[in-house]
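Visitor: coordinates for the following, if possible.
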Amino acid sequence: MPRIAGKEVKWDKGSEAYESAHTAAASDLDEETTRRLQDTAVQVYAALKLRDYGRVDMRLTPDGGST
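Guide: Numbering: from 1, shown residues only. You can find the predicted model right below:
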């Protein structure tokens, strides 16, 4: 599977890509990492001049760094 999720992963229910994708919100992050992620999401939202609603997905390396 490609490392970047295309539309089929998000929207094409029943496709191999959709069925093989596994996503979940992190539940074991320390407070500092959670704060950094939240601050980054707010900065991205503002930089893109979004309004009303936005979603920012991020990935972390096993040591807590960003990819």
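Visitor: quick one, grab the pLDDT at residue 29.
Guide: Note for residue 29: predicted pLDDT of 90.
Visitor: isn't it right next to residue 37, touching?
Guide: Yes. At 7.4 Å, residue 29 counts as touching residue 37 under the criterion of Cβ atoms under 8 Å. For glycine as for every other residue, the C-beta is placed from the backbone atoms N, C-alpha and C.
Visitor: apart from its neighbours in sequence, what residue is nearest residue 15?
Guide: residue 8 (4.9 Å; Cβ to Cβ, 6 or more residues apart in numbering).
Visitor: may I have the residues that are in contact with the one you found?
Guide: Going by Cβ atoms under 8 Å, 6 or more residues apart in numbering, residue 8 touches 15, 17, 18.
Visitor: for the first one, the count of nearby residues, please.
Guide: By other Cβ atoms under 10 Å, the residues close to residue 15 number 13.
Visitor: cool, residue 46 as well?
Guide: Neighbours of residue 46 (other Cβ under 10 Å): 10.
Visitor: are we agreed that it is in a strand?
Guide: No. Using DSSP: H, G, I helix; E, B strand; the rest coil, the secondary structure at residue 46 is helix, not a strand.
Visitor: ok, the residue nearest the centre of the chain to residue 14 distance?
Guide: With distances taken as Cα atoms, centre = their mean, the residue of the chain nearest its centroid is residue 57 (2.0 Å). Separation of residue 57 from residue 14 (Cβ to Cβ, to the nearest Å): 23 Å.
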